[in-house]
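Asker: Could you look at this predicted model? Sequence included:
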Amino acid sequence: MNRRNFLKNGTLATAAFTILPRTVLGGVGHLAPSDQISLGIIGCGAQGRWTLAPEFARRANLVAAADCDSIRLQAMQEIVEGETTKAKGQAYKGFKQYADYKELLARKDIDGVIIATPDHWHAVQTIEACRAGKDVYVEKPMSHSIAEGRAMADAVAKYNRVLQVGNMQRSWRNFRHACELVRNGYIGKIKEIQVSVGPPPIPYDLSAQPVPKHVNWEKWIGPGPMKPYNEELLPPIEKKVFPNWRNYKEFGGGMITDWGAHMFDIAQWAMGMDDSGPVEFIPADGKDYKALTMYYADGTVMTHEQFRKDEGNGVRFIGDNGVIDISRSFLDTIPAKLQNHEIKDNEIKLYRSNDHYNDFLNSMKTRKQPLSTVEVGHRTTSLCMIVNLCYELKRKLTWNPEKEEFANDNEANKLRSNPIRAPYNLNV
């Protein structure tokens, strides 16, 4: 099942609009629970236009967008105006386009931003948004390096912002139910976890093509390494496909971070490891290790391997007393009765959100932590990146989750960060 088909399984919801003058309520940073939140979106690619903009336009005031591609900006405006008009029941005008996201961040009437740019942009834009007093909804994977994730977490703490990572599976009933079954011991002690997602990234190797006139390629590259334009990174909008920048290590983390940010995230949630992660990563050797293998400190084994042929991305939990297979298209349990088992009030119940987008907006109003916080996103993304490093370095890596460093491995420690191209930086 491909990425687009998976995305269609998400629950759509609408929210009523309550419009109150911002001047009455005190403006940015003083939102009353009934106030309508104003948002801007940075990044008008496929995920931004097809999923995030429609969802947030139904729930809040989506008033502006920024992108390096004028054609995508115009398409975004048309989508937002259409969705907002349907939600409000009256024509919506006033949406603004920006070629430079910094102009959007400078607007005092915008309370939060949705960051839907390629992975290599997430950290810089999140830090700048926090500094500008904006709350942030950032797409997964949250960052493009371990160091970037820590800098993002530092910025959220320093500027007292709310950040929700787009790991929306945590807001889906079946994933939460699977994790609660694991947490409460319904399949006994977990012996092994198998995570099925695609491969790691490859170095950028595409040939140069002429840059379209409507694209500012310098702005697309931003803090990343300067590489020539190729439409695999930014395909013509009429192709209606997800771009492939995610497959190249300079801009993404391959399917390990793209889908691992969802599936390893569920493994972390089920194991109660949102503030930690595995401590050993061992590459497959064709003998003792048939797949890349990870160990948590308590000895629990996790592998990166496909466990159900041709059934896409998912997680399998193997316990002493049963098995749970979970993905966006199935929840299978042994024993079967666990599928619909009701978790009792005196048992562990995880954070319940049935709408990942409203969860973010509610946190903006209440200033309480959302479901998928910056620390959650950082730990999940760090795990994915260490998996990628293990594939790249082809040797065992010993990781200290508390210190966030590798033991006795200078090369691996240097790879915790990526070069940031001037004038951009990670200064918090």
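Answerer: In hand now; what should we look at?
Asker: switch to C-alpha atoms for all contacts and neighbour counts from now on
Answerer: Will do.
Asker: Can I get stretch 222-238 as PDB, trimmed to CA atoms?
Answerer: What follows is stretch 222-238 as a C-alpha-only set of coordinates in PDB (Å, rounded to 0.1, in the frame of the first residue of the first chain):
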ATOM      1  CA  GLY A 222      18.300  26.800   2.200                       C
ATOM      2  CA  PRO A 223      20.400  25.200   5.000                       C
ATOM      3  CA  GLY A 224      21.100  22.100   3.000                       C
ATOM      4  CA  PRO A 225      24.100  21.400   0.700                       C
ATOM      5  CA  MET A 226      23.800  23.000  -2.700                       C
ATOM      6  CA  LYS A 227      22.900  20.400  -5.300                       C
ATOM      7  CA  PRO A 228      21.600  20.800  -8.800                       C
ATOM      8  CA  TYR A 229      17.900  21.000  -9.400                       C
ATOM      9  CA  ASN A 230      16.100  17.800 -10.600                       C
ATOM     10  CA  GLU A 231      12.400  17.300 -10.800                       C
ATOM     11  CA  GLU A 232      12.600  14.200  -8.600                       C
ATOM     12  CA  LEU A 233      13.100  16.700  -5.700                       C
ATOM     13  CA  LEU A 234      10.400  19.100  -6.800                       C
ATOM     14  CA  PRO A 235       8.200  17.500  -9.500                       C
ATOM     15  CA  PRO A 236       5.900  19.600 -11.700                       C
ATOM     16  CA  ILE A 237       2.700  20.200  -9.800                       C
ATOM     17  CA  GLU A 238       0.600  18.600 -12.600                       C
END
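Asker: What lies in contact with that stretch?
Answerer: Residues outside stretch 222-238 that contact it (Cα atoms under 8 Å, 6 or more residues apart in numbering): 71-72, 120-121, 124, 206-211, 217-218, 221, 241, 243-245, 250-251, 419-425.
Asker: mean confidence for that stretch?
Answerer: For stretch 222-238, mean pLDDT is 98.
Asker: Stretch 156-163 too?
Answerer: Mean pLDDT, stretch 156-163: 98.
Asker: Tell me which residues touch the spatially most central residue of the chain, please.
Answerer: Centroid-nearest residue in the chain, with Cα atoms, centre = their mean: K140, separated by 1.4 Å. Listed by Cα under 8 Å, 6+ apart, the contact set of K140 reads 119, 165-167, 258, 261-262, 377.
Asker: when you check the contacts of stretch 222-238 against the helices, which ones overlap?
Answerer: 71-72, 124, 217-218, 221 (DSSP state H).
Asker: and I318, that one's in a strand?
Answerer: Yes: when DSSP: H, G, I helix; E, B strand; the rest coil is applied, I318 is found to be in a strand.
Asker: Quick one: the helices in the stretch 201-350 of the chain, in order.
Answerer: 217-221, 254-258, 260-271 (DSSP state H, counting those that start in this stretch).
Asker: before we move on, back to that, can you flag the buried ones in the ones in helices among the contacts of stretch 222-238?
Answerer: Buried subset of those (neighbour count, 16 or more other Cα atoms under 10 Å): 72, 124, 217, 221.
Asker: Correct me if wrong: the third one contacts A99.
Answerer: To tie it back to what came earlier, the one meant is W217. No: assessed by Cα atoms under 8 Å, W217 is found out of contact with A99, at 11.7 Å.
Asker: joint contacts of those two?
Answerer: With Cα under 8 Å, 6+ apart, W217 and A99 have common neighbours C68.
Asker: quick one: contacts for M294?
Answerer: Taking Cα under 8 Å, 6+ apart as the contact definition, M294 lies against 278-282, 301-303.
Asker: 6 Å - rerun?
Answerer: M294 sits next to 280-281, 301-302 when contact means Cα atoms under 6 Å, 6 or more residues apart in numbering.
Asker: on that earlier part again, out of the ones in helices among the contacts of stretch 222-238, which comes closest to T51?
Answerer: Closest approach between the ones in helices among the contacts of stretch 222-238 and T51, by Cα to Cα: R72, at 14.2 Å.
Asker: Can you tell me how far the closest one is from H214?
Answerer: Using Cα to Cα, to the nearest Å, R72 is found at 9 Å from H214.
Asker: L361 now?
Answerer: The gap separating L361 from H214 is 33 Å, by Cα to Cα.
Asker: So for those two, which residue has more residues nearby?
Answerer: More crowded of L361 and H214, by other Cα atoms under 10 Å: L361, with 24 against 11.
Asker: The more buried one belongs to a helix, doesn't it?
Answerer: Yes: when three-state DSSP is applied, L361 is found to be in a helix.
Asker: what's the closest non-adjacent residue to it?
Answerer: Distances taken as Cα to Cα, 6 or more residues apart in numbering put I37 closest to L361, at 7.6 Å, once the chain neighbours are dropped.
Asker: ok, how many other residues are close to the one you found?
Answerer: 27.
Asker: Tell me if I'm right that it and A60 touch.
Answerer: Yes: I37 lies in contact with A60 (Cα atoms under 6 Å); the separation is 5.4 Å.
Asker: So V63 sits against F95, correct?
Answerer: Yes: between V63 and F95 a contact is recorded at 4.8 Å, counting by Cα under 6 Å.
Asker: More neighbours: which of these two?
Answerer: Set V63 next to F95 and count neighbours by other Cα under 10 Å: V63 wins out with 24 against 16.
Asker: Look up how far Y296 lies from G377.
Answerer: 18 Å.
Asker: more crowded one of those two?
Answerer: The neighbour comparison of G377 against Y296 (other Cα under 10 Å) goes to G377, with 28 against 16.
Asker: For the helix or strand in which the more buried one is found, buried residues please.
Answerer: Using DSSP states H and E, G377 sits within helix 374-393. In terms of neighbour count (16+ other Cα under 10 Å), helix 374-393 has its buried residues at 374-391.
Asker: and what of stretch 271-287?
Answerer: Buried-residue list, stretch 271-287, by 16+ other Cα under 10 Å: 271, 273-274, 276-284.
Asker: ok, those vs D135, which is closest?
Answerer: For the buried residues of stretch 271-287, the residue nearest D135 by Cα to Cα is D274; the value is 21.3 Å.
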